[in-house]
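In: what's the 3D shape of this:
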Amino acid sequence: MSSTAVIVVIVVVVIALLALAAFAWSMNGRRRSRRLKERFGPEYDRHLSETNDPAETERVLAEREKRHRGLQLRTLDDRERETFERRWTVVQAEFVDDPDHAVDRADALVDELMSARGYPVDDFEQRAADVSVEHPVVVQRYREARRIAQANREHRADTEELRGAVTSYRELVQALLGGDRHQDGQHEGQHDGRHGGDPAGPHDDRRKETSA
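Out: Below is the predicted model:
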């Protein structure tokens, strides 16, 4: 075989290998995208709507997974779980007479519960990002509950908003109390009788005055 023919063969082989590598890279990228979309669901969509950049969205979510693997998370023992459940029951009962205080206590209780599980709680956005890895549905409600709690401190939330905030906090409390044994879909809309129903009860029609 002439040297020219050898060169041609080598070039063809190299091109074929590059094509195979490109195909494998493309397939890996698609699998990674599909996996992240399936894992993060609405959280993937939320971040994508903010960045309009799928590659950046996937980079950020992959970094969340990596960070999450490094967290020293723990499952609560029975006594701890029961204590938090009792405290949450008190928060819900308090809503009937004092919605403002109940929302503040719910927000503080969630912080304590996350800390007990091992989540860093110094920064809210990082906290939400960390919890989104295991609970991508509930974390959407957590963000909304936090927004309402902050608005309430400025007297810009009515009773129905506060009711929604407590319900959202309850979803996160149940998710965190379940530890690593449950996923969002397993307890979505499935509430323990001690925590189920409207936090304020069906007959609380009061409204909180709002400021302009």
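
In: From I148, how far out is G164?
Out: Using Cβ to Cβ, to the nearest Å, G164 is found at 7 Å from I148. In short, each C-beta sits where N, CA and C put it, glycine included.

In: Now do the longest helix seen in the chain: which elements does it pack against?
Out: The helix that spans the most residues within the chain, counting by DSSP state H, is helix 3-40. Applying 3 or more Cβ pairs under 8 Å, 6 or more residues apart in numbering; DSSP states H and E, we find helix 3-40 packed against helix 42-51, helix 54-70.

In: and these as TSV, adding distance to I15?
Out: Shown next, in TSV, are the helices and strands packed on helix 3-40 (distance: least, Cβ to Cβ, whole Å):
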stretch	distance to I15
helix 42-51	35
helix 54-70	26
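
In: Switch those helices over to CSV; also include mean pLDDT and distance to S132.
Out: Converted to CSV, those look like this (pLDDT from 0 to 100; distance: least, Cβ to Cβ, whole Å):
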stretch, mean pLDDT, distance to S132
helix 42-51, 93, 5
helix 54-70, 95, 7
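
In: Output those helices as TSV; include the columns mean neighbour count and distance to V173.
Out: As requested, these are exported to TSV (neighbours: other Cβ atoms under 10 Å; distance: least, Cβ to Cβ, whole Å):
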stretch	mean neighbour count	distance to V173
helix 42-51	16	19
helix 54-70	15	20
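
In: so the longest helix of the chain versus helix 42-51, what angle?
Out: Angle of helix 3-40 versus helix 42-51, following axes from the mean of the first three to the mean of the last three Cα atoms, to 10 degrees, is 110 degrees.

In: Tell me the buried residues in helix 3-40?
Out: L36, K37, R39, F40 (16 or more other Cβ atoms under 10 Å).

In: thinking K37 is in contact with E43, fair?
Out: No: contact criterion Cβ atoms under 8 Å: K37 and E43 do not qualify, at 9.9 Å.

In: Would you agree R74 is in contact with R117?
Out: Yes: when contacts are counted by Cβ under 8 Å, R74 is listed as touching R117 (6.3 Å).

In: who has more neighbours, these two?
Out: R117 (20 against 12; other Cβ atoms under 10 Å).

In: can you pull the contacts of the more buried one?
Out: Applying Cβ atoms under 8 Å, 6 or more residues apart in numbering, we find R117 in contact with L73, R74, T75, L76, L176, G179.

In: What separation is there between Y142 and S2?
Out: Using Cβ to Cβ, Y142 is found at 70 Å from S2.

In: Mind checking which of these two has more residues around it?
Out: Applying other Cβ under 10 Å to Y142 and S2 shows that Y142 carries more neighbours, namely 24 against 7.
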